[in-house]
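Trainee: Predicted model and sequence follow; I will ask about them next.
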Amino acid sequence: MKIALAIITLTLSLTPALAQQKTPPPPGPARPLNLPKITEKKLPNGLTVVLAPLPNVPKISSILTFRSATTATDRQTRPGIAQIVAIVANEGTDTRTSKQLKEELRAIGGSLSLGSDADSTTMSASSLAEFSSKLFELMSDVAQHPSFPETEVKLAQENTIQQIRAGRADPGFLVNERFQKAVFGDHPYSFVVPDEKSISALTRADLRAFVTKYYIPNTSHLIVVGDIDVDKTFAEIEKAFGSWKSGAAPADDNPSVPKRDKRQIYFVNRPGSIQSAIYIGNVSIPRRDKDYFALRTADTIYGGSFYSRLTRNIRETKGYTYSPFSNSNTRAKSGAFLAGAFVRNEVTGPTLLEIFYELDRMRVLPVSDEELSAAKEYSTGNFSVELASQFGLAGRINTVYTFDLDKSFINDFRPKIEALTTADIQKAAAKYFDTYRAAIVIVGDWEKVKDQVRPFGEVTMYDAEGNVVTK
Amino acid sequence: MKKFEHAKFVEANGGSLNGHTDFDYTNYYQTLPSNRVELGLWLESDRMRSLDISEENLKNQQAVVSEEVRVNVLNQPYQLFEWISLWENAFTNWNNAHNGYGELAEINAATIEDVRSFFKTYYAPNNAVLTIVGDVDVNEVKKMVEKHFAGIPSQPAPKGADLSEPPQTKEKRVKQTDKLANLPALATGYHLPPQNSPDFPAMALLVQILQAGDSSRWYQRLVKEKELTLDLTGGLNYFGNEFDYTGPMIMTTRTTYKPGHTADEILREMDAVVGEITTAGVTEKELANAKVQYRSNFYSQIESSFGKAHLLSALALFRDDPAQINSLLTPFENVTAAQIKTAAAKYLVPTNRTVIDRVPEKKGGTNQ
């Protein structure tokens, strides 16, 4: 592949001095915005197929999403089954050993992996464009005919248990796990990893039954982006996925999300920590909610961009932390707003104070016109960059189908962001940056920081395994 | 420009920005809508011309970088030993061996004079490469670059650091304990031939064959067949690729292994796999597949404008020839199975490697 874009590399050297310009140069005329051309089709077995050409490199990138196979599926009887199935499905089919499968992938410059969360299981795959039909054949084989060899099941169970043990040494893992539990309570979104007993209890028969029941085409969608010809690619997909049998769509399990009634501190004690890992947040909204754009933009201004209020305050002014952040992680059935920072022990209390101060400032006072206009440019500009990469665009399209968004979501993004007012932002902040009932999760050394933490609320203490312990 | 205004301008114009220091360069970059390319040039020229480093700003950034080291290294299990400790042990020359993240005491000891002098010497236009990729008009952008950068004075060219490294003659083994980790881990590093060596492309493909992904030979042996380790990661350049460095380099491998096993068991299996290659070689099919995978990964690297800009910058900085981007794959496509066999025998020997075995301080971890 020869690069034929405008490429300029200049080695800089001394030439006669020119005066330095003091004001920012104005933008040139806007270049045409190339929105993706998206085609949706359906196979007779119910599989939704979405195709979008993006020939930026001679590759294709694909996401196959099973919406019935989530970490909430069968969660009462077999916690963790979706995760173990996602691992072992990739380790051999009725006609291919694990090793054969990996070698065939390598031969097409390919990759294929599966993962599951509370909304779906997704298979992400890519290859050189010239081998697209082979990639679809392999994806279809893994979706339909995983064989779950006994040895692979055992290995996955053992390694998953060990990996979770390893993860419990990482403050990032611990703070996220406790945060999801604190915010979502008994809702399926609180689930992060299964306990060891549940993992060990799973049998090969359980895994096979799970695939038969929940890896079904009529509740799944296949996104293909890349160097493709829509008709030719669709014909390849028909051939590879046409024989996939549909099944009965399971009933949607959608319990209500618990409402928090007070501010509460969840402290995971990690003696020897030299930093406190802090997450502060609360339940927000599902992705489909009408407040999505306002909340997303409030988040951009608060802590979701580099030049955000939180970064300016606790990084650039006070030097408490390297990478403060916030996000308005919205999912199919609910979401959680979250602000966080990893800070040295000595400034744990001051950091909590500033995170709350900036949250409350968003609730009480409108943002400036300048801040809002910057946030709009930031969101729309970076949205375009996202759409310019194959997995970026595939991921975006995937959210449209996984969260049942309007099919025009991608085209509407810019006008919807541009329509927001400062009043919309304040309203969203007032509603969702609920500091009075926030969950405060801290992973750190209790003895070192307890005096700084106590003034912020009642404390429940946990060990790294998730057990409640006494202080 | 006031502190942090660069970020404000970029984001308020629909862009994003970052920068980092690597083994052999420091870069700054931004992605902007293409009609705002001149804004990016104006901002970068302002930084290069007249960076204003105040005492207050320096103190603030020392605190920020200290937190970066705490969050990414000191408060983490394993503390990036497969980079920091491995480099400290594998290399002899301080220029190559020192902790690249920096010790907290050293970061905080830097004075404003140190920083100003470093900036003046190394952030000079004659020591830099500027790369622009995107939907822009080449001639117009050339004029903009001239306008904003031509007046920035050059500086005496800095004397390059001595990066020479004596050849390693015997295996180095290091044992470490870890206060935070629950499971043991192992890292190895093998010295690589220089990029212009005829052995280099063979080594790059050998890395594919041995440890790139779960079809690789070491992954298959350690994780799948012998069930000794949970994972296997690593590659030819810990932070980048085959092209974006210039000094001496090691091929690194890192595994987290299962309690009840030893580093020796893992090394024995790694050596056995290498032994199979040095005696029987690799098959033509295996080599062909490695080349396909290599090409596919290369395309992913240059998929974005930023990916292309980064690679072009490296080729301009280290080879003074960015046009090589159009023929970079050729030496790798031409590698033969015989060259792979020879390279394995020459470089993947215990005397050429450093091994670090890092085990939890509490015997067996907290959870056994």
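Mentor: Thanks, I have the structure now.

Trainee: what's the neighbour count on A:Pro26?
Mentor: Close neighbours of A:Pro26, defined as other C-beta atoms under 10 Å in any protein chain shown, add up to 9. For every residue, glycine as well, the C-beta is placed using N, CA and C.

Trainee: Let's verify A:Ser323: helix, strand, or coil?
Mentor: State at A:Ser323, reduced to three classes by DSSP: H, G, I helix; E, B strand; the rest coil: coil.

Trainee: any low-confidence regions in the chain?
Mentor: I'll assume chain A. Applying pLDDT under 70 to chain A picks out residues A:1-19.

Trainee: think we crossed wires, I meant chain B
Mentor: Within chain B, the segments meeting pLDDT under 70 span B:363-368.

Trainee: gap between the closest residue to chain A within the stretch 251-368 of chain B and B:Asn289?
Mentor: Closest approach between the stretch 251-368 of chain B and chain A, counting by C-beta to the nearest C-beta: B:Ser296, at 2.6 Å. According to C-beta to C-beta, to the nearest Å, B:Ser296 stands 11 Å off from B:Asn289.

Trainee: can I see the domain layout of chain A?
Mentor: Annotated domains of chain A cover A:39-241, A:264-469 [automatic domain parsing].

Trainee: Of these, which is nearest B:Ser85?
Mentor: Closest to B:Ser85 of the domains of chain A, according to C-beta to C-beta: domain A:39-241, at 17.3 Å.

Trainee: Quickly check: the closest one near chain B or not.
Mentor: Yes - under the criterion of C-beta under 8 Å from any C-beta of the partner chain, domain A:39-241 makes contact with chain B via A:56-59, A:98-99, A:102-103, A:105-111, A:126-128, A:155, A:158-159, A:162-163, A:165-166, A:168-171.

Trainee: now for that domain, what's the gap between its first and last residues?
Mentor: End-to-end distance for domain A:39-241, by C-alpha to C-alpha, to the nearest Å: 17 Å.

Trainee: ok now that domain, how far from the chain's centre?
Mentor: Relative to the chain's own centre, domain A:39-241 is displaced by 15 Å; criterion: C-alpha atoms, centre = their mean, to the nearest Å.

Trainee: now stretch A:297-309
Mentor: Centroid separation for stretch A:297-309 versus its chain: 18 Å, with C-alpha atoms, centre = their mean.

Trainee: Any part of that stretch near chain B?
Mentor: Yes - interface with chain B: stretch A:297-309 contributes A:Ser305, A:Phe306, A:Tyr307 (C-beta under 8 Å from any C-beta).

Trainee: helix, strand or coil for the residue of the stretch 151-300 of chain A found nearest chain B?
Mentor: Taking C-beta to the nearest C-beta, chain B has its nearest neighbour within the stretch 151-300 of chain A at A:Ala169, 3.9 Å off. Three-state assignment for A:Ala169 (three-state DSSP): coil.

Trainee: which ones are touching the closest residue to it other than its chain neighbours?
Mentor: Nearest in space to A:Ala169, with sequence neighbours left out and distances taken as C-beta to C-beta, 6 or more residues apart in numbering or on different chains, is B:Pro77 at 3.9 Å. Applying C-beta atoms under 8 Å, 6 or more residues apart in numbering or on different chains to B:Pro77 gives the contacts A:Ala166, A:Ala169, A:Asp170, B:Asp178, B:Leu180, B:Ala181, B:Asn182.

Trainee: Most widely separated two among those residues?
Mentor: A:Asp170 and B:Asp178, at 12.3 Å, using C-beta to C-beta across the contacts of B:Pro77.

Trainee: contacting residues for B:Ala110?
Mentor: Counting by C-beta under 8 Å, 6+ apart, B:Ala110 makes contact with B:Leu58, B:Gln62.

Trainee: again, only using 7 Å
Mentor: Applying C-beta atoms under 7 Å, 6 or more residues apart in numbering or on different chains, we find B:Ala110 in contact with no residue.

Trainee: In contact with the residue of the stretch 301-450 of chain A found nearest chain B: list those residues for me.
Mentor: Relative to chain B, the nearest point of the stretch 301-450 of chain A is A:Gly381 (2.0 Å; C-beta to the nearest C-beta). Neighbouring residues of A:Gly381 by C-beta under 7 Å, 6+ apart: B:Gly14, B:Gly15, B:Pro33.

Trainee: And those residues, which is closest to B:Ala338?
Mentor: Of all the contacts of A:Gly381, the one with the least separation from B:Ala338 (C-beta to C-beta) is B:Gly15, at 49.0 Å.
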